[in-house]
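Asker: from the sequence below, what's the structure:
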Amino acid sequence: MRTRTRPTRGLTLVEVVFASLLFAVVGSAILGFLGATAQGGQARQRISDPALESVLALRRFRTAAPEFRTVLASDDTQALVWLHDLVPSRSVHTSELGVLRFDEDERVLVLEFVAPVEISSDRSLESEHRANATDAMFATMDGLREDELLVRVVLAEGLDEIVFAEDQTNAAAVRLEFIADGFSTELLLAPQRPQEPLR
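Answerer: Okay, here's the model as predicted:
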């Protein structure tokens, strides 16, 4: 006895057109979402509220450097900070240094410091500095940046400029003026607990 098989039925023209339209609608929705996301990211880089960015910068700094001890030196574009006292002494070691600086290309405030893994793998990177040898400390950090050995933490973004200034009332602090879209605000970065002076 012969079994009858059903003939396979193909798609009709209406079904093909409907499927094509459905793919087009879903595809355009996905492209629209991706475009809006990209535009939002670009707008975030262009527009910023300096007051909000200063608060975020302080919180991010306190998270990255909870044992922040003092500001060692600053100029108009950067500040050298003593982040913590890992090596028990009253002098500053390379592993304890950080640099706050404004990256004009990316329009971000960054905190840079030596990666602990770099120091542990190459002990020649570690050196001891006298407190008044800030030029040597800046030079050391610049060299480590060129060698791409620094960790970089973004503290604030979307800014036009940040001006660093010494605080007249507190030598262990630095004033940062955040400027964006014609508005500005100031932030005083100072240690939470006073430290013993460096020798």
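
Asker: ok now the helix or strand encompassing Ile30, how far from the chain's centre?
Answerer: Applying DSSP states H and E as the criterion places Ile30 in helix 13-46. For helix 13-46, the distance from its own C-alpha centre to the chain's C-alpha centre is 32 Å (C-alpha atoms, centre = their mean, to the nearest Å).

Asker: ok, Val26 - how many residues close by?
Answerer: 10 (other C-beta atoms under 10 Å). The C-beta positions use only the backbone N, C-alpha and C, and glycine is treated the same way.

Asker: what distance do you get for it to Ala19?
Answerer: With distances defined as C-beta to C-beta, to the nearest Å, the gap from Val26 to Ala19 amounts to 11 Å.

Asker: list the buried ones in the helix or strand of the chain with the lowest mean pLDDT?
Answerer: The helix or strand of the chain with the poorest confidence is helix 13-46; it has a mean of 76 (mean pLDDT, DSSP states H and E). Applying a neighbour-count criterion of 16 or more other C-beta atoms under 10 Å, one finds nothing buried in helix 13-46.

Asker: ok, the most centrally placed residue in the chain - contacts?
Answerer: In the chain, the C-alpha closest to the average C-alpha coordinate belongs to Val154, at a distance of 0.8 Å (C-alpha atoms, centre = their mean). With contacts defined as C-beta atoms under 8 Å, 6 or more residues apart in numbering, Val154 is in contact with Arg60, Val108, Leu109, Val110.

Asker: buried residues in stretch 100-109?
Answerer: With burial defined by 16+ other C-beta under 10 Å, the residues of stretch 100-109 counted as buried are Leu100, Arg101, Phe102, Arg107, Val108, Leu109.

Asker: what are the phi and psi values at the second one?
Answerer: Read it as Arg101. Backbone geometry at Arg101, expressed as degrees, to the nearest 10, gives phi -150, psi 160.

Asker: again with the last one
Answerer: Its backbone dihedrals place Leu109 at phi -90, psi 130, with angles given as degrees, to the nearest 10.

Asker: can you list the domains in the protein?
Answerer: Segmentation of the chain into domains, based on automatic domain parsing, reads 12-46, 50-189.

Asker: elements contacting the helix holding Ile30?
Answerer: With contacts defined as 3 or more C-beta pairs under 8 Å, 6 or more residues apart in numbering; DSSP states H and E, there are no secondary structure elements packing on helix 13-46.

Asker: tell me how far Phe23 lies from Ala36.
Answerer: Counting by C-beta to C-beta - Phe23 and Ala36 are separated by 20 Å.

Asker: same thing with Phe164?
Answerer: The separation that Phe164 has from Ala36, given C-beta to C-beta, amounts to 37 Å.
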